[in-house]
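> could you look at this predicted model? Sequence included:
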Amino acid sequence: MAPRVIHTAQALVDVVVEVPSLPRRGGNVMADVATRHAGGAVTILLAAVRSGVEAVHAGAHGRGPNGDLVRETLAAEGVVLSAPVVEDLDTGTCLVLVEPSAERTFVTTQEAERHISVESLATSAPVAGDLVCVSGYSLVGRTRDPLVAWLESLSEGVVVVLDPGDVFAELEPSLRSRVVALTDVWTGNAEESEDFGGAKGMGPAAEAVAAQLEPGAVTVVRDGDRGCAVRVDGVTTIVPGFPETPVDTNGAGDTHTGVLLAEVARGTDWAQACRRANAAGAIKVTRKGPTTAPTAAEIDAYLSSRA
């Protein structure tokens, strides 16, 4: 079997509200548009399957209208949900305030998606070659202990991919050390990577992060339309991005990650995988909603038009 992309993080429902500006504290603002989408880990999983690989959601999902939307969205594109439904809670929401500049602000609830266990994660049954995605946001709260315990039990050859989030640099040093020791691939944005590694700029940040990972780990640092840096086997490569006028940046980083991992699972070399991920992120920011990742054919067409 070809390697699968397995995600352990929170699948949520994004309530996306387009606002002219953020309200002042205690104030009010009239929204232009409000929409509801499956989001969070869903964005990465959809981006992966649209680039031609099998994907599994190992995280928790609740009983109710939010959980129904997550399940329907994933099942419609062939993503497997391996864990059983959490019967007494619904899936949580993420309120996304999108300004005209495409900048977004988040407020997230915590419900059924936080109720994981070693046993529920194990339903995804990863084998050597599979890519298991971990979010830094899962390393806080009630998901932390079962997730780390499960990761430490994985068989040799399972590839652990860490998307650190801005929370990772603030974790307790002992917890960071345990997670770093398990990490085979780091894929984070520039700010997250700079905070952890202590060096500024995509290339230097990739090198500084790599110095703290285990030998042989791959480091990817993305920086919006500037592209990304990838460090493999001691060599750092800057892969240019594709500037576009954004209408919604929500989900762009997750789209990049999903396509990147799908390409690697298909055997694409890291630099070319990053180029396709950069293109996918560029396409995504021109579309509204977190579940609008492009297909492999759309990425092909986009790159051909810029050859």
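Cool, the structure landed.

> how long is stretch 219-239 from one end to the other?
Using CA to CA, to the nearest Å, the end-to-end distance of stretch 219-239 comes to 13 Å.

> oh sorry, the question was meant for stretch 149-167
Stretch 149-167 end-to-end distance (CA to CA) = 19 Å.

> pLDDT averaged over it - what is it?
Mean per-residue pLDDT for stretch 149-167: 97.

> also stretch 61-79?
On average, stretch 61-79 scores 98.

> got it, and stretch 9-16?
95.

> could I have it exported to CSV, CA atoms only?
C-alpha atoms of stretch 9-16 as CSV (Å, rounded to 0.1, in the frame of the first residue of the first chain):
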residue,chain,number,x,y,z
ALA,A,9,-5.6,16.9,15.5
GLN,A,10,-8.9,18.6,16.0
ALA,A,11,-11.5,18.7,13.2
LEU,A,12,-13.8,21.7,14.0
VAL,A,13,-16.6,23.6,12.4
ASP,A,14,-15.4,27.1,11.3
VAL,A,15,-18.0,29.8,11.6
VAL,A,16,-16.5,32.3,9.2
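
> looks to me like G39 is in a strand.
Yes - under DSSP: H, G, I helix; E, B strand; the rest coil, G39 sits within a strand.

> isn't it up against D14?
Yes - when contacts are counted by CB atoms under 8 Å, G39 is listed as touching D14 (3.4 Å). No exception for glycine: its C-beta is placed from N, CA and C like everyone else's.

> what touches both of the two?
94, 96, 250, 290 (CB atoms under 8 Å, 6 or more residues apart in numbering).

> just those now: which is nearest V49?
Set against V49, the nearest of the shared contacts of G39 and D14 by CB to CB is P290 (14.9 Å).

> this structure: strands as residue ranges?
5-7, 11-18, 33-40, 55-57, 80-81, 93-98, 104-108, 131-135, 159-163, 185-189, 218-222, 227-232, 235-240 (DSSP state E).

> out of those strands, which one sits most buried?
strand 5-7 (a mean of 30; mean count of other CB atoms under 10 Å).

> now for it, which elements pack on it?
Under the contact criterion of 3 or more CB pairs under 8 Å, 6 or more residues apart in numbering; DSSP states H and E, strand 5-7 touches helix 41-50, strand 55-57, strand 131-135, helix 252-265.

> quick one: closest of the ones you listed to E72.
helix 41-50 (10.7 Å).

> tilt between that closest one and strand 159-163?
Relative orientation of helix 41-50 and strand 159-163, computed by axes from the mean of the first three to the mean of the last three CA atoms, to 10 degrees: 130 degrees.
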